[in-house]
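> Whatever this is, show me its structure:
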Amino acid sequence: MTTPGISRRTWLRQSAVTAGGIVTSLALPGTIEAKPAFGMKPYKGQYHLLEQYHIAPSDMENLKARLLANENPWGPSKKAVAAIAESASKGNRYVYKSCLKMIEILAQKEGVAPENILLAPGSTDVLEKVAFALCMKGGNVISADPSYMSLVNTATSIGATWKNVPLRADYAHDLTAMAGVVDADTKLIYICNPNNPTGTLTPIEEIKTFSRKVASKAPIFIDEAYLELLDEPDKQTAVGLIKEGHDVIISRTFSKIHGMAGLRIGYMVAKPERVKMIQDLVRTEMGISITSLEGALASMNDIEFQNYTRTNNKKNREYVFAELTKAKMNPIPSYTSFILFPIQIPVKDMMAKMLEKGVGIRGYDIHGKPYGRVSMGTMDELKLFVKTLNEIVS
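Residues are numbered from 1 along each chain as shown. Model (predicted):
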């Protein structure tokens, strides 16, 4: 619904998104010296990323290029769609049997025991439930800034504080600085790898070294939502840390490589006691539908579709990166299904001009400077984005 007296461009609604709750005011120990990205100062307890404008739902329906939610434009796979259609007739039954089957398959895939797997309706559900389980009595959560905020927002909303540590100059997590701010009240350390919204990767060996040293002080949550879009994802996952016995939690989703964002299914890999920690609070499988489960099972076996997504996502990302570079937009090299790039006009103006041509992207202010984030779509969608961008910047 449109507010009276506001022009058609009220597809932009100011959401006043800040830290999602309480922001800490603790100071970074003087022994830590960072050279952070985006010109940020070392940890000051202040939120550096703001997303103040969103496209209104009514305008979302008319987009010619939907490049704002990091969705897979090619999914779900045809095999998944067929399995979903076939399983709809089973919708009168609960999902217990299918859940057990999926857990067994995921455990085999990840090289762990079934007791290490927790199914959930998407990885965001895992992020938020872990935050609830660990932060109900306060404490603090440590994460990079900027990064994906779902877990942090949930934690701060129930009374935790947030220690935000700027990314390094190479846009990797500053794991040294993160280790330096762990204290007796730290309930969780969150690492998004590859990171959102920057699309950048922190070297897996650095994460493993960090986790082996720090996980005994506080559990480490590693969000691998975009990992399977990498060329060799098995070489970049941190799941082996769980097999080593470390207190590490991994989340995965079927929203990205499998193209099932609207079907809501994901999972957690962790020590059995962490799985039980969530199960003692809620039954996550009760939020999963039989259609989502059967579709996910079929998609896991459709390696051809996964490879198709991975190949075309990379091809389209390289095209967009080259075009952004040609337009002198200085994009940040990405390993994901999106690219972050600085813009020279206010976020609101950029999004308005894009929307006039039917193009939807995301916009952020990071440390007081405007940035755009474009998701990978079909090549036709991306060509429309590039054409529109060139018209704006020229």
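> does residue 373 count as helix, strand or coil?
Here residue 373 is strand, with the state taken from DSSP: H, G, I helix; E, B strand; the rest coil.
> give the contact list for residue 199.
Residue 199 makes contact with 226, 332-336, 338-340, according to C-beta atoms under 8 Å, 6 or more residues apart in numbering. (Each C-beta comes from the backbone N, C-alpha and C, glycine too.)
> Kindly recompute the last result at 6 Å.
334, 336, 338, 340 (C-beta atoms under 6 Å, 6 or more residues apart in numbering).
> now the third one, nearest residue through space, not along the chain?
On the basis of C-beta to C-beta, 6 or more residues apart in numbering, the spatially nearest residue to residue 338 that is not a chain neighbour turns out to be residue 375, at 4.7 Å.
> try the first one
Leaving aside its sequence neighbours, residue 334 sits nearest to residue 199 (C-beta to C-beta, 6+ apart; 3.1 Å).
> Also residue 195?
Nearest residue to residue 195, sequence neighbours excluded (C-beta to C-beta, 6+ apart): residue 147, at 5.7 Å.
> isn't that neighbour right up against residue 192?
Yes - judged on C-beta atoms under 6 Å, residue 147 makes contact with residue 192 at a distance of 4.9 Å.
> Please say which of the two ends up with more neighbours.
Using other C-beta atoms under 10 Å, the more surrounded residue of residue 147 and residue 192 is residue 192, with 27 against 23.
> any low-confidence regions in this structure?
Residues of the chain meeting the criterion pLDDT under 70: 1-35, 42-47.
> Now with 80, please.
Applying pLDDT under 80 to the chain picks out residues 1-36, 39-48.
> How is it partitioned into domains?
8-74+307-393, 78-303 (automatic domain parsing).
> what's the most buried one of these?
domain 78-303 (a mean of 20; mean count of other C-beta atoms under 10 Å).
> Compute the first-to-last residue distance for it.
End-to-end distance for domain 78-303, by C-alpha to C-alpha, to the nearest Å: 12 Å.
> Residue 337 contacts residue 313, doesn't it?
Yes - using C-beta under 6 Å, residue 337 is in contact with residue 313, at 5.4 Å.
> Quick check: neighbours shared by those two?
Common contacts of residue 337 and residue 313, defined by C-beta under 6 Å, 6+ apart, comprise 229, 376.
> For the stretch 51-200 of the chain, which segments count as helices?
For the stretch 51-200 of the chain, applying DSSP state H, counting those that start in this stretch gives helices covering 57-60, 78-87, 96-110, 123-135, 150-157, 175-180.
> residues making contact with the third one?
By that I understand helix 96-110. By C-beta under 6 Å, 6+ apart, the surrounding residues in contact with helix 96-110 are 113-114, 117, 119, 239, 267, 269, 285, 293.
> Strands of the stretch 1-150 of the chain, start to end?
12-14, 49-50, 53-55, 65-66, 117-120, 140-145 (DSSP state E, counting those that start in this stretch).
> Now render the ones you listed as TSV, adding distance to residue 385.
Shown next, in TSV, are these (distance: least, C-beta to C-beta, whole Å):
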stretch	distance to residue 385
strand 12-14	18
strand 49-50	22
strand 53-55	14
strand 65-66	5
strand 117-120	33
strand 140-145	27
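> Of those, which is nearest residue 165?
Set against residue 165 and scored by C-beta to C-beta, the strands of the stretch 1-150 of the chain come closest in strand 140-145, at 5.8 Å.
> list the helices and strands the closest one packs on?
helix 150-157, strand 161-166, strand 186-192 (3 or more C-beta pairs under 6 Å, 6 or more residues apart in numbering; DSSP states H and E).
> Now find how far off-centre that strand is within its chain.
15 Å (C-alpha atoms, centre = their mean, to the nearest Å).
> Cool, thanks, signing off.
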